[in-house]
Structures are given as structure tokens and as C-alpha cells.
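Chemist: sequence first, predicted model second:
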Amino acid sequence: MFHRSVVLVSDHSQEDGAYGLIMNHPTGNVVGDFLKGKEFAPLKQVPVHEGGPVAQDQLTFSAFWWNKKKGLEWAIRISAEDAIRHSQKSGTVVRAFVGYSGWTAGQLESEMARHSWIIAQPSLTFLGMEHDRPLWAEIMGSLSPLHRILAQAPANPTLN
């Protein structure tokens, strides 16, 4: 699930664990494939992404925008009505997600201590990038020459 995934960790605390969304796993569907009512018409072309392995029977909305002072900001797990309002704001990207990524208290810290994750801050260009499978390689390639080599390596180098 997380191989070559870009995960936005939106909530995190030592006591409660962490919540995040996989940003680069599009399902190939749009909201209109699932929600047919007229009230959802403004969202019918919003791409649906696989947010993670937890609660994959739930469709949620999130909005993302860039704040010049604070960087990337978001509203996660918002209602369809809020998603419609956010979609009307210039510079805001709205996505729908099935499922989410979650960690129990201390789990993410343990994984980070084992270097299971490469951490990067979102750049100004993040919202303009295609949020599909190649996003991981694009972000990795921008971190350092070593990360660029890793991004260009085949998924399983032993098969070469």
C-alpha cells in the first residue's frame, strides 16, 4: 500500500497517533461515479484517490491551498457542502478519498526511528503537480542527488 506513496500526515500527536492521506493513488474514478444527486453536481469531476487502507468504505473530501506565510494548508474530512465552498476558492484543490492512513500512538514514531519513511516538506509547486503515481519520483528527485537515484531505480532492482 505505501510503496512509493506520498502521504500527507495531517494530524499527529504522541498520545493519539497519526492520520494521513495517500496523495498519489488515484482510483481512476471521479465523485460523480459514486454520488449521483444534483446537490453533488459541483463535485462530480473531482478525482477520487485511495487515501489508505483504513475505512475504505468511506468517501471523504479534503481541500488544499497554499498560504504564503504558513505553506501548505488543508481542511481534511470535510463535508460535501464544505468541499463545494472550497472548490470555488481560487488556488484551492479539492480531492475525494476512499479510506485513510492511520497509526496508533507511537507507531509512526517507531517507523520513523527505523527510517521507514523519507520526510519532506511540501513545496509551493505541490498543488500544481499531478497527484498520480509519478508524484513520488518527482518529489524524491527534488530532495537530493541520492534521492534522485533512488527515485529512478526500478521498484525491484533484483529483477534487473
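Modeler: Arrived safely.
Chemist: burial of N29, as a residue count?
Modeler: Here the number of neighbours of N29 (other C-beta atoms under 10 Å) works out to 16. (C-beta placed from N, C-alpha, C; glycine too.)
Chemist: just checking, it is part of a strand?
Modeler: Yes - counting by DSSP: H, G, I helix; E, B strand; the rest coil, N29 is part of a strand.
Chemist: show me what contacts W66?
Modeler: By C-beta atoms under 8 Å, 6 or more residues apart in numbering, the residues touching W66 are L72, E73, G91, L124, F126, L127.
Chemist: quick check: next helix or strand after the longest strand along the chain?
Modeler: Counting by DSSP state E, the longest strand found in the chain is strand 54-67. Downstream of strand 54-67, the next assigned helix or strand under DSSP states H and E is strand 71-78.
Chemist: can you pull out the strands in the chain?
Modeler: Along the chain, counting by DSSP E, strands occupy 7-13, 17-22, 26-30, 47-50, 54-67, 71-78, 93-103.
Chemist: export the ones you listed to TSV and append columns for distance to H86.
Modeler: Shown next, in TSV, are these (distance: least, C-beta to C-beta, whole Å):
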stretch	distance to H86
strand 7-13	15
strand 17-22	15
strand 26-30	17
strand 47-50	15
strand 54-67	4
strand 71-78	6
strand 93-103	5
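Chemist: before we move on, the earlier item: would JSON lines of the contacts of W66 with distance to E50 and pLDDT be doable?
Modeler: Converted to JSON lines, these look like this (distance: C-beta to C-beta, whole Å; pLDDT from 0 to 100):
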{"residue": "L72", "distance to E50": "20", "pLDDT": "95"}
{"residue": "E73", "distance to E50": "23", "pLDDT": "95"}
{"residue": "G91", "distance to E50": "25", "pLDDT": "92"}
{"residue": "L124", "distance to E50": "26", "pLDDT": "85"}
{"residue": "F126", "distance to E50": "19", "pLDDT": "89"}
{"residue": "L127", "distance to E50": "19", "pLDDT": "87"}
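Chemist: buried subset of the residues you listed?
Modeler: F126 (16 or more other C-beta atoms under 10 Å).
Chemist: what is the nearest of the contacts of W66 to A151?
Modeler: F126 (15.9 Å; C-beta to C-beta).
Chemist: which ones are touching the residue nearest to the closest one when sequence neighbours are not counted?
Modeler: Setting aside the residues directly before and after it, F126 is nearest to L72 in space (C-beta to C-beta, 6 or more residues apart in numbering), at 6.3 Å. L72 sits next to F64, W65, W66, P122, F126, L127 when contact means C-beta under 8 Å, 6+ apart.
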